[in-house]
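1. need coordinates for the below:
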Amino acid sequence: MVAAPTTDWLDAEGDALLAFAAGARTPLGFGTLDTAGLVPEPRRAELWITCRMTHVFALGALRGRPGCAALADHGVTALATTFADAEHGGWFAAVEQADGGPGPGTTVRPVPGDGERKAAYPHAFVLLAAASATAAGRPGAAALLDQACAVQDAHFWAEDEGMVRESWDRAFAVEEAYRGANANMHTVEAYLAAADVTGEDRWLDRALRITRRVVDGFARAHAWRLPEHFTPAWEPTLDHHRDDPAHPFRPYGATIGHWLEWARLTLHLRAALTARHRPTEAWMLEAPRVLFAAATAEGWAADGAAGFVYTVDFDGAPAVRQRMHWVVCEAIGAAAALHTATGEGDYARWYATWWDYARRHLIEAPGRWHHELAPDNTPAAGTWAGRPDVYHAYQATMLPRLPLAPALAPAVAEGLLA
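-> Below is the predicted model of the structure:
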């Protein structure tokens, strides 16, 4: 029988991930790391990477890890200044240094084109980073959280849909003719954190509406092969990106890792409702079980080799067979969450199995994870080059040691990490 990692091992791996991630600091925020832990393009930074790193370093600061408080503060400052659009509000998707090097006189601008867009996916991570940094007591974080909440209210939450809008142009004037499950999934994560940090139930109410529609609605209606892409009227577009199936954010087909992530988030939502003495619904335990079982049956070793395939088509056949590190991390988190919710041993066995796979195939050295593997489990870089961030891996070292509610940062702040 495969043994689960010890708490000491998880601590050591988490600390190694923090040390590796520290190399991502640049004058603009946090950059994308290559396989050596360097930033090849220090004159450019992505919003989603900066937010994820800020969230991770806020967790490290809460745990008293040296250097993490300063790194979290650097991220908060970058979000409050470098990425913020002072004219139209919200945050740029990507920024770059337009002239010279870092220091006085440097011009920082949004990357022309997509960098100017205001998208729900990275804005969810602004909210998460701000909530985590606020829970960690970092200076300026509470003001950033207030701003992030206001932007969600003004531009992303669609009350009549019970979901968030996908993206806008820079001025929040022209909306993209697309809706996506992925942006809504990370918005649920952020809303759960915001509910705990602000104490405002409206974020929990919204997380419930999103999750009910996606999990108990779209996933159930498609034999649990959750559609990712939709029209503005929330009609599934099942052929989306058939010609670019391994797209990093909008791949063709159904994304196995998201079934696992939705399973975990549904259990967090259920626990958050229970903690507030509010009723839960039967699907909130049923659906995570079914999503987990479907992901394991159709995703794990689906082509005969260990590892999760990236996507399947809507008949359940593998579509993209690459193995992504984040999928294993979410499988670990989902297994741990289901074991916490049910106490059933099968989930503990899967948890140990997937950590064993990660240690055999993904972790090259402490803190250094291959982000993508080929179907034969050798390192690859077709979808992801380098090692862009540590968000999924670091959370995998912490989620099994925390209750299902509150969210990660508030839970660590309350001393609930085992």
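2. list the buried residues in the helix or strand hosting Leu291.
-> Leu291 belongs to helix 283-299 when assigned by DSSP states H and E. Neighbour-count burial for helix 283-299 flags 283-284, 287-292, 294-296, 298-299 (criterion: 16 or more other C-beta atoms under 10 Å). Every residue, glycine included, has its C-beta placed from N, CA and C.
3. for the next helix or strand after it, packing partners?
-> Counting by DSSP H and E, the next helix or strand C-terminal to helix 283-299 is strand 311-312. Counting by 3 or more C-beta pairs under 8 Å, 6 or more residues apart in numbering; DSSP states H and E, the packing neighbours recorded for strand 311-312 are strand 254-255, strand 318-320.
4. got phi/psi on Glu364?
-> phi -70, psi -40 (degrees, to the nearest 10).
5. and it, what does it touch?
-> Going by C-beta atoms under 8 Å, 6 or more residues apart in numbering, Glu364 touches His370.
6. if I look at it, how far off is Leu373?
-> Going from Glu364 to Leu373 by C-beta to C-beta, to the nearest Å gives 11 Å.
7. ok, now Ser132?
-> 29 Å.
8. ok so, going back, residues in contact with the helix holding Leu291?
-> So helix 283-299 is contacted by 212, 215-216, 219-220, 223-226, 256-257, 259-260, 262-264, 266-267, 269-270, 308-309, 312, 316, 327, 331, 334-335, 337-338, 341-342, 347, 350 (C-beta under 8 Å, 6+ apart).
9. re earlier: which one of Ser132 and Leu373 has more residues nearby?
-> Taking neighbours as other C-beta atoms under 10 Å, Ser132 and Leu373 compare with Ser132 leading, 32 against 23.
10. residue contacts, that one?
-> 54-55, 58-59, 193, 408-409.
11. for it, what is the enclosing helix or strand?
-> helix 120-135.
12. and the next helix or strand past that helix?
-> Past helix 120-135, the next helix or strand by DSSP H and E is helix 141-151.
13. I'd like the average pLDDT over that next one.
-> Average pLDDT, helix 141-151: 98.
14. in it, what's buried?
-> So, applying 16+ other C-beta under 10 Å, buried residues of helix 141-151: 141-142, 144-145, 147-149, 151.
15. same deal with stretch 30-38?
-> 30-33, 37.
16. of those, closest to Val164?
-> Phe30 (24.2 Å; C-beta to C-beta).
17. wait, that closest one sits on His55?
-> No. At 10.7 Å, Phe30 does not count as touching His55 under the criterion of C-beta atoms under 8 Å.
18. give me the common contacts of these two.
-> Counting by C-beta under 8 Å, 6+ apart, nothing touches both Phe30 and His55.
19. all strands for the stretch 251-400 of the chain, in order.
-> For the stretch 251-400 of the chain, applying DSSP state E, counting those that start in this stretch gives strands covering 254-255, 311-312, 318-320, 323-324, 363-365, 368-369, 372-373.
20. any chance of those in CSV, with distance to Phe125 and mean pLDDT too?
-> Shown next, in CSV, are those (distance: least, C-beta to C-beta, whole Å; pLDDT from 0 to 100):
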stretch, distance to Phe125, mean pLDDT
strand 254-255, 18, 98
strand 311-312, 22, 98
strand 318-320, 24, 96
strand 323-324, 18, 97
strand 363-365, 24, 97
strand 368-369, 19, 98
strand 372-373, 21, 97
